[in-house]
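Sequence plus the predicted model coming up.
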Amino acid sequence: MNSSTPSSSAGGPGSADPTGPRRSSKRPKYSRFTQQELPACKPILTPKWVISTFLLISFIFIPIGLASLFASRDVVEIVHGYETDCIPEGSRNDKVGFIQSSLDKTCNRTLRVPKEMKQPIYVYYELDNFYQNHRRYVRSRSDHQLRSPTSEHNIGDCGPEGATSNRTHIVPCGLIAWSLFNDTYGFTRNNQQLNINKRDISWKSDRDRKFGRNVYPKNFQNGMLIGGGRLNSSIPLSEQEDLIVWMRTAALPNFRKLYGKIEVDLQAGEIINVTLQNNYNTYSFKGKKKLVLSTTSWLGGKNSFLGIAYLTVGGMSFFLAMVFVVIYLIKPRQLGDPSYLSWNRNPGGR
């Protein structure tokens, strides 16, 4: 054999010889990462380790769940549905006709405070069966128009309602703004009015970045079909917080949105008189409306789900730990020799 003839492996794929002919190959470039040779933690799950892990999870999750439940329990809520009670008895067979008529929609309701409510007390309106998450509804807006006065002509996504009226662009355009919630609430206690603070009820990032300080409503709700509330044309969109709150669309068909804050304490047993304007048409789609007054805790509003979830995971972990303890004590199983594991062997395989 001629010694000058290169061997069949010279210059082949993966060859370290830089002078050999290069061939196309799908073999990845060698590295400890691609070959999975990096140091790794490979614990041996002995019964003691498994039982200890489950007990640790239960000792962490159960206290957190109890604290969450206690925090939710301390939140005081008043929830009052009024979509039926605020329709006159003679008009309840034709609720849609009443809400679309020019009749007076003023409605007086009475609320009793069940427990002491510390300020601030948050006032919400709650809507059921309203699908703000519908794809066509969510797309019907123009973010460029909301930010800049020079983009009022940017109405490409604003259909099918509220793009133009009388051949003039509408600001803000789109279904979301057009369907703005327009029920109003007023509260009195002992014949004294309770002020509702409507400042800072929206996200600061929305006010500063999504709604322009020099963008004003224009030609809004001037068409033949009125969808919801009106806007003050002398106030820029960045200060119209009812609109900003409404345009942050909800992910679920049942949702609450912040209306304002009452910044005085309410004592247990007090009677709160509510004067509301029942203007918003939820009757066409069999929706429901509720007025909600709520305090908060360190965890937020009233929500027992988080506490129940933590307790469930912690309880299941504790139960499994006890099951493994019983099995380990009653019917123990001899463990294998970990020195035979592949990652415990020496390079020579011995």
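Arrived safely.

how much space is there between Asn190 and Arg112?
14 Å (C-beta to C-beta, to the nearest Å). Placement of C-beta: from N, CA and C, glycine included.

now do Gly156
Plainly put, Gly156 is 51 Å away from Arg112 if you go by C-beta to C-beta.

what's the answer for Gly269, then?
Note on Gly269: its distance to Arg112, by C-beta to C-beta, is 7 Å.

again, but for Lys42
From Lys42 to Arg112 the distance is 63 Å (C-beta to C-beta).

ranges for the strands of this protein?
Along the chain, counting by DSSP state E, strands occupy 77-81, 106-112, 121-128, 164-165, 168-169, 184-189, 192-194, 196-197, 255-262, 271-277, 288-294.

Which residues does the fifth one contact?
The list of residues contacting strand 168-169 from outside it, by C-beta atoms under 8 Å, 6 or more residues apart in numbering, reads 152-153, 155, 163, 218-219.

Swap in 6 Å and give it another go.
152-153, 219 (C-beta atoms under 6 Å, 6 or more residues apart in numbering).

in the longest helix anywhere in the chain, what's buried?
When the chain is parsed with DSSP state H, its longest helix is helix 47-74. Buried residues in helix 47-74, counted by 16 or more other C-beta atoms under 10 Å: 51, 54-55, 57-58, 61-62, 64-65, 68-69, 71-72.

which strands and helices sit next to it?
Counting contacts by 3 or more C-beta pairs under 6 Å, 6 or more residues apart in numbering; DSSP states H and E, helix 47-74 packs against helix 305-330.

Please identify the buried residues of the helix it packs on?
Using 16+ other C-beta under 10 Å as the test for burial, helix 305-330 gives 306-307, 310-311, 313-314, 317-318, 320-321, 324.

any idea of the pLDDT on His153?
Looking at His153, its pLDDT is 85.

Tell me who's in contact with it.
For His153, counting by C-beta under 6 Å, 6+ apart, the contacting residues are His169.

roughly how far apart are it and Pro160?
On the measure of C-beta to C-beta, His153 and Pro160 end up 18 Å apart.

still on that earlier bit, now the contacts of strand 168-169 in CSV, please, with extra columns for distance to Thr84.
Below are the contacts of strand 168-169 laid out as CSV (distance: C-beta to C-beta, whole Å):
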residue, distance to Thr84
Glu152, 41
His153, 44
Asn219, 35
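
So which of these is the closest to Lys105?
The shortest approach to Lys105 among the contacts of strand 168-169 belongs to Asn219, at 25.0 Å (C-beta to C-beta).

Near that closest one, how many other residues are there?
18 (other C-beta atoms under 10 Å).

so it touches Ile170, yeah?
Yes - the criterion here is C-beta atoms under 6 Å, and Asn219 meets it with Ile170 at 5.0 Å.

Test my guess that Phe98 contacts Ser91.
Yes - look at Phe98 against Ser91 with C-beta under 6 Å: they come within range, at 3.9 Å.
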